[in-house]
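Asks: How does the following fold in three dimensions:
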Amino acid sequence: MSGTLPSDSACYVYGIVPADAPAPEEVTGVGDPPAPVVPVRHGEVAALVSEIDPRRPLGTPQDLIGHARVLDAVAAGRTPVLPFRFGAVVRDEAAVTDELLAPQQERFLAALEGLEGLAQFTVRGTYRQDEVLREILAQRPDVARLREEVAALSEDASRYQRIRLGELVAEELTARARADADELVARLGPLAAATARADSSADQPVNASFLVAEDSREEFERAADGLAATWEGRIDLRLLGPLAPYDFASQLVDARGRGSWD
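Replies: Okay, here's the model as predicted:
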C-alpha cells in the first residue's frame, strides 16, 4: 500500500509475515468489492492489509471466507504467518506501522521464526450415526434392552424410558468421541511439532489441529490416510491443510508476552 488512504478508508489487517514475503497474488480478501492485499513493512516484519470502507459492517460469510483465504494462501506458499483474529481494523497505514508493527516487531519476529517451515493441518471426523449406534447396542446390553422396552410401549407409556435411552446414548457418544480423539492424537501427534485439540461437538466429534514441519508432511498425510482407512464406514475423516497456524500462532506470541494486537 502506498501513499495515504482516503479519509473514508481504513486498513483491514490479516496477519504478520516476514518483511521480504511477497503479497499473495490472485486472492481476494474482505470488503465489497475486495481491495488488493498488500504488505505494510516495518523493519523485518510486515502486516498484510487491504483497504476497506469503515462504514460497512464486517461479518458476512464472504468476509469470513476472504479472511481465511488470504491467510491460507500465504501458508500454502510456505511463508510463515501470524494470523490475526477476524475483524482487525486499523485507522490507516501510519497506524499500522506506528501502533502495530513498531512496538511489537521483536515479538512478531520471534513468533515468525518459531513458525518457519511449519503449517497447520486440521483433522475433523464425523460419525456414521447408524454404524456407531449399532456399536453401542452391541457393546451395551443395557442400552439394547432399554431400546427394546421403548419399542414395545406407546409413546406416552415410554416417556421416562425414552429420556433415559437418550441420556445413555449421549453419554456413550461422548465417551467414544473422547476415545477416538485420543487415538487421533496418539497416531498423528508424534508426527507434529505441536497439537491442539478442539472440544467435541455433535457435528465434529473428532477435531484436532497439528503443526507439521515441511519435511514431515508426507508422512503425516500418509498416517492420516491410514487412520481414515481404519475408520472407514464408521467415521468420515477430513484432512484440511496446509492452513495458516490459527490454533498455534497466539501461543507463540503469548509465550513472550501478550501483544496489544491480540
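
Asks: Going along the chain, name the strands of the stretch 1-150 of the chain.
Replies: 10-18, 38-42, 45-52, 82-83, 89-90, 118-127 (DSSP state E, counting those that start in this stretch).

Asks: I'd like these as a markdown table, with distance to Q104 appended.
Replies: The C-beta positions use only the backbone N, C-alpha and C, and glycine is treated the same way. Formatted as a markdown table, these follow (distance: least, C-beta to C-beta, whole Å):
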| stretch | distance to Q104 |
| --- | --- |
| strand 10-18 | 8 |
| strand 38-42 | 10 |
| strand 45-52 | 8 |
| strand 82-83 | 10 |
| strand 89-90 | 12 |
| strand 118-127 | 20 |
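
Asks: For the ones you listed, state which one has the densest average packing.
Replies: strand 82-83 (a mean of 28; mean count of other C-beta atoms under 10 Å).

Asks: can you count the residues close to V27?
Replies: 17 (other C-beta atoms under 10 Å).

Asks: Next one: it from Q139, what distance?
Replies: Note on V27: its distance to Q139, by C-beta to C-beta, to the nearest Å, is 48 Å.

Asks: same check, this time on E26
Replies: 52 Å.

Asks: Comparing those two, which residue is more hemmed in?
Replies: Q139 (11 against 5).

Asks: A196: which element?
Replies: Assigned by DSSP states H and E, A196 belongs to strand 194-197.

Asks: then that strand to CSV, C-alphas only?
Replies: Listed in CSV are the C-alpha atoms of strand 194-197, where the atom choice follows Å, rounded to 0.1, in the frame of the first residue of the first chain:
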residue,chain,number,x,y,z
ALA,A,194,2.5,-29.3,18.4
THR,A,195,-1.1,-30.4,18.8
ALA,A,196,-4.3,-28.6,19.7
ARG,A,197,-7.5,-30.5,20.5
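
Asks: After that strand, heading C-terminal, what element do we hit next?
Replies: Once strand 194-197 ends, the next helix or strand along the chain (criterion: DSSP H and E) is strand 206-213.

Asks: Parallel or antiparallel, which strands does that next one pair with?
Replies: Here strand 206-213 is paired, per DSSP bridges, with strand 118-127 (antiparallel), strand 194-197 (antiparallel).

Asks: Now the longest one: average pLDDT?
Replies: Taken as a whole, strand 118-127 has a mean pLDDT of 95.

Asks: which stretches of the stretch 1-150 of the chain have low pLDDT?
Replies: Along the stretch 1-150 of the chain, segments meeting pLDDT under 70 span 1-8.

Asks: As a check, name the ranges of all helices in it.
Replies: Residue ranges of the helices in the stretch 1-150 of the chain, as given by DSSP state H, counting those that start in this stretch, are 61-76, 93-95, 102-115, 129-139, 141-152.

Asks: Redo those as JSON lines? Include distance to A196.
Replies: What follows is the helices of the stretch 1-150 of the chain, written out as JSON lines (distance: least, C-beta to C-beta, whole Å):
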{"stretch": "helix 61-76", "distance to A196": "16"}
{"stretch": "helix 93-95", "distance to A196": "31"}
{"stretch": "helix 102-115", "distance to A196": "14"}
{"stretch": "helix 129-139", "distance to A196": "25"}
{"stretch": "helix 141-152", "distance to A196": "33"}
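
Asks: Out of those helices, flag the one nearest D199.
Replies: The minimum distance between D199 and the helices of the stretch 1-150 of the chain falls on helix 129-139, with 18.7 Å, by C-beta to C-beta.
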